[in-house]
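Enquirer: return atomic coordinates for the entry below.
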Amino acid sequence: MVGLEDHGLMALDAATGAARWPESVSPADVDLKKFNQGDCVVDRAATTIGCALSTGDGLKEVLVFLDTETGVEKHHEIAAGRSGADLYSAGDGFVVATDGELVGYQPDGTEMWRVDNRTNAGVDVYGDQAVIIIAVPGGPGRVVDANSGRTIVEAPVVDSGMAFAGGFALSNSAAIDFYDFTGAKTASVTADGFRLIDNDQSFTASSGTYYPVAFNPSKGGLRAYDPATGVILWSVGMVTPNQTAKVVGFGSGKTCFLALLNDSAERSASLITQECGTSSTNVYLMITADYPDQIHAWVQGYDGENVLVNSSGKVHGVVCLDVARGQEVWQKQNNDMIGAKWLGDGLFSASTGGIQGVHRWA
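Expert: Here you go, the predicted structure:
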């Protein structure tokens with residue numbers, strides 16, 4: 001999805017870059033020139049594209065839902081004074097997180113449910129698993145069904161939480177509790193200094209993994225659990241806690257990509273891909289990394305074998321790493337490589353200087 005200045009929104013074919021719709025689209029009563037920020041996502045069935053657009057000053061947000069094939073508008077709404085609308089594809093529809101509440105929408109843009117979040121607790125949306133984990137670190141937490149808005153589980157103290165293939169887990173300083181998607185507790189273990197790889201975006205980042213994975217931020221170390229029994233499936237000790245200052249964990253089927261980001265002056269990263277349920281024999285791939293504060297922006301894609309990460313410097317760039325074999329596959333550097341994304345089979349980026357536009361890289 002791209003925004004065409006003075007014209008509206010347009011969907012592009014990811015393979016060719018050609019426009020998918022006969023003309024750009026814009027809600028009749030919305031001046032899109034005022035909305036200079038935004039994100040778009042596609043629902044699970046790929047029938048609807050949802051976009052959350054912002055004026056950038058926190059004064060106004062607009063949500064618009066468009067037919068994927070034709071661009072015909074299904075619904076839009078303007079929310080004056082509602083800042084920070086984050087839009088997610090979750091479950092069968094969409095979830096919008098704003099200051100103070102969560103709202104669920106069907107693929108046609110119809111509101112399904114609304115949940116209060118006036119405590120401004122952290123919100124982790126796991127779209128594939130259709131669950132939302134809401135928690136104030138060290139305070140109360142709950143898990144919400146993304147399709148219905150129903151609270152599945154509530155807990156008095158939650159420090160971190162994550163979803164996995166068979167359910168979700170919540171942890172605090174005392175224990176890690178495992179649940180299936182109905183909310184039934186399947187196991188509970190002593191935390192032992194470990195916390196789950198959640199998705200708070202600045203400290204850890206995760207889309208969920210096949211089995212729950214936890215790390216020890218004070219002593220260093222990683223481990224994965226069998227959520228049915230709480231048994232430790234594998235455990236990896238680290239040399240120094242600096243190596244677990246920030247942790248990224250993404251899943252692709254049964255494989256896990258794990259990145260341990262060293263917060264010392266060297267700013268290095270240890271990367272590995274492995275079967276989530278078995279101990280790894282792979283050697284960690286060590287790279288130098290100047291990752292951003294919002295570390296979810298560092299990893300741009302993972303397909304079960306290769307991972308794409310941003311590389312910063314005087315020239316924008318990305319690096320593709322084979323983390324199963326521990327080697328670099330390729331890298332690209334170009335000043336037009338801004339906001340690079342791995343979408344489908346292509347690498348896309350935007351440029352802000354010179355000829356502005358969207359680029360697809362071979």
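
Enquirer: contacts, neighbours, all on C-alpha from now
Expert: Will do.

Enquirer: quick check: phi and psi on G138?
Expert: Here the main-chain torsion angles of G138 (degrees, to the nearest 10) amount to phi 80, psi 0.

Enquirer: and it, how far from F168?
Expert: Spatial separation of G138 from F168 under the definition C-alpha to C-alpha, to the nearest Å is 18 Å.

Enquirer: counting neighbours, go ahead and name the busier of those two.
Expert: F168 (27 against 14; other C-alpha atoms under 10 Å).

Enquirer: what's near enough to touch that one?
Expert: Listed by C-alpha atoms under 8 Å, 6 or more residues apart in numbering, the contact set of F168 reads G161, M162, F178, Y179, D180, F181, P212.

Enquirer: so how far is the helix or strand it falls within off the chain centroid?
Expert: F168 is part of strand 167-171 when elements are defined by DSSP states H and E. On the basis of C-alpha atoms, centre = their mean, to the nearest Å, the separation between the geometric centre of strand 167-171 and that of its chain is 17 Å.

Enquirer: mind saving the C-alpha coords of that strand as PDB?
Expert: Once non-C-alpha atoms are left out, strand 167-171 reads as follows in PDB (Å, rounded to 0.1, in the frame of the first residue of the first chain):
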ATOM      1  CA  GLY A 167      -1.600 -21.400  23.800                       C
ATOM      2  CA  PHE A 168       0.000 -18.600  25.700                       C
ATOM      3  CA  ALA A 169       2.100 -18.000  28.800                       C
ATOM      4  CA  LEU A 170       2.300 -15.400  31.500                       C
ATOM      5  CA  SER A 171       5.200 -14.800  33.900                       C
END
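
Enquirer: tell me which strands that strand pairs with, and in which orientation.
Expert: Here the strand partners of strand 167-171, with direction, are listed using DSSP bridges: strand 160-164 (antiparallel), strand 175-180 (antiparallel).

Enquirer: what pLDDT does G127 get?
Expert: G127 is assigned a pLDDT of 91 by the prediction.

Enquirer: I'd say it and G93 touch.
Expert: No: the pair G127 and G93 fails to qualify as a contact (C-alpha atoms under 8 Å) at a distance of 9.2 Å.

Enquirer: who has more neighbours out of these two?
Expert: Counting neighbours by other C-alpha under 10 Å for G127 and for G93 shows that G93 has the greater number, 26 against 22.

Enquirer: over to the spatially most central residue of the chain. Which of the three states is it?
Expert: To find the centre residue of the chain, average its C-alpha atoms and take the closest one (C-alpha atoms, centre = their mean): that gives S207, at 5.5 Å. With DSSP: H, G, I helix; E, B strand; the rest coil as the basis, S207 sits in strand.

Enquirer: from I152, how far off is it?
Expert: Separation of S207 from I152 (C-alpha to C-alpha) stands at 19 Å.
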